[in-house]
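Visitor: for reference, the sequence and a predicted model appear below.
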Amino acid sequence: MRVAVLGCGAIGGDVARAVRDGAVPGAELVGVVHAASADPPDLPVLDVDTATRRADLVVECAGQRALAEHGPSIVDSGTGLLVVSVGALADDALAAKLRTGPGALHLCTGAVGGLDLLSAAAPGLDAVRIVTTKKATTLVQPWMDERQTARIRAATGPLELMRGPARQVTAAFPASANVAASVALAVGDWDRVEAAVVADPNAPMTSHVITARGAAGRYRFEIGNRPSERNPATSGIVAHAVLAAVARLARPGGRFA
Ligand SMILES: NC(=O)c1ccc[n+]([C@@H]2O[C@H](COP(=O)([O-])OP(=O)(O)OC[C@H]3O[C@@H](n4cnc5c(N)ncnc54)[C@H](O)[C@@H]3O)[C@@H](O)[C@H]2O)c1
């Protein structure tokens, strides 16, 4: 399977180098597409059209805006697309375009787990919540006013920044609340999932606590991820989740589906 990586930052850079170095049997790197001023010296750089033409699978690691910009033309060309910025699918029109194909749309589990069980239990679930706690400074957003930004920077303990439907929260924190979208996509309902984002200056790890209950049972998943050394807003595990997804697509069979 020929793989191109869209976005060569903390996640995409690690993914591209691992695929280049043969870490994923059955997958080879054709190149990376990036938006930074300097090319990565050690990776083949392509424009997005060439990458789409040469690859069987484009792996999006570039953010929700880049996915909205390039995703539709990638699937339209028949090339597969593996998405890490799943929060972009909160836009129903974009999600419909990406699902139309003919290229197949695949979603990466990213920073969280338990999505398979939530998906299985979804028809009977009546309350689903995800609370994400991150280092305070990584949660400052361009739409925040000065007072709110100052409050986050001065926080000495946990501070809840937003609580609401997953669709609203993932749009407000596009680089930090893709996990809320992952849970909503697993459950198949953007409005049934309540998401909260908490800023904590003392959080040693990024945590996600997912709780759900309903006819099938009661569920609680607690995840503590170490932040990536290259981007503290991202967890180091995400690149590994992408590589696991590429491995499943490159050599299907004998793995959890
Ligand atoms: N699903 C999850 O659990 C999860 C977790 C963490 C991050 N994410 C998503 O992954 C994205 C990437 O995370 P990261 O830590 O690698 O970010 P990063 O900022 O380190 O890297 C993003 C890279 O994408 C590039 N880019 C931006 N727009 C582009 C475009 N139009 N074309 C090509 N390249 C473009 C940037 O130049 C940058 O190099 C985040 O924005 C977030 O949406 C998802």
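Guide: Alright, I've got the coordinates. Residues are numbered from 1 along each chain as shown.

Visitor: what does the stretch 101-250 of the chain put close to the ligand?
Guide: Within the stretch 101-250 of the chain, the positions lying close to the ligand (CB under 6 Å from any ligand atom) are 108, 110-111, 174-175, 178-179, 182, 231, 234, 238. Every residue, glycine included, has its C-beta placed from N, CA and C.

Visitor: three-state assignment of Ser207?
Guide: Judged by DSSP: H, G, I helix; E, B strand; the rest coil, the three-state class of Ser207 is strand.

Visitor: dump the C-alpha coordinates for stretch 117-132 into PDB.
Guide: Provided in PDB are the C-alpha atoms of stretch 117-132 (Å, rounded to 0.1, in the frame of the first residue of the first chain):
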ATOM      1  CA  LEU A 117     -17.400  -1.100  22.800                       C
ATOM      2  CA  LEU A 118     -19.300   2.200  22.800                       C
ATOM      3  CA  SER A 119     -20.200   1.600  19.200                       C
ATOM      4  CA  ALA A 120     -21.600  -1.900  20.000                       C
ATOM      5  CA  ALA A 121     -23.500  -0.500  23.000                       C
ATOM      6  CA  ALA A 122     -24.700   2.600  21.300                       C
ATOM      7  CA  PRO A 123     -28.300   1.700  20.500                       C
ATOM      8  CA  GLY A 124     -29.000   1.300  24.300                       C
ATOM      9  CA  LEU A 125     -26.900   4.200  25.700                       C
ATOM     10  CA  ASP A 126     -28.700   7.100  27.200                       C
ATOM     11  CA  ALA A 127     -25.900   9.100  28.700                       C
ATOM     12  CA  VAL A 128     -22.400   9.400  27.300                       C
ATOM     13  CA  ARG A 129     -19.800  11.900  28.600                       C
ATOM     14  CA  ILE A 130     -16.100  12.600  27.900                       C
ATOM     15  CA  VAL A 131     -14.100  14.900  30.100                       C
ATOM     16  CA  THR A 132     -10.700  16.000  28.700                       C
END
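
Visitor: got the buried residues for that stretch?
Guide: By neighbour count on 16 or more other CB atoms under 10 Å, the buried set for stretch 117-132 is 117-118, 121-122, 125, 128-132.

Visitor: using a markdown table, lay out these together with secondary structure, distance to Arg248 and pLDDT.
Guide: Shown next, in a markdown table, are the buried residues of stretch 117-132 (DSSP: H, G, I helix; E, B strand; the rest coil; distance: CB to CB, whole Å; pLDDT from 0 to 100):
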| residue | secondary structure | distance to Arg248 | pLDDT |
| --- | --- | --- | --- |
| Leu117 | helix | 18 | 96 |
| Leu118 | helix | 19 | 96 |
| Ala121 | helix | 22 | 95 |
| Ala122 | helix | 21 | 95 |
| Leu125 | strand | 25 | 93 |
| Val128 | strand | 25 | 97 |
| Arg129 | strand | 28 | 97 |
| Ile130 | strand | 24 | 98 |
| Val131 | strand | 29 | 98 |
| Thr132 | strand | 25 | 97 |
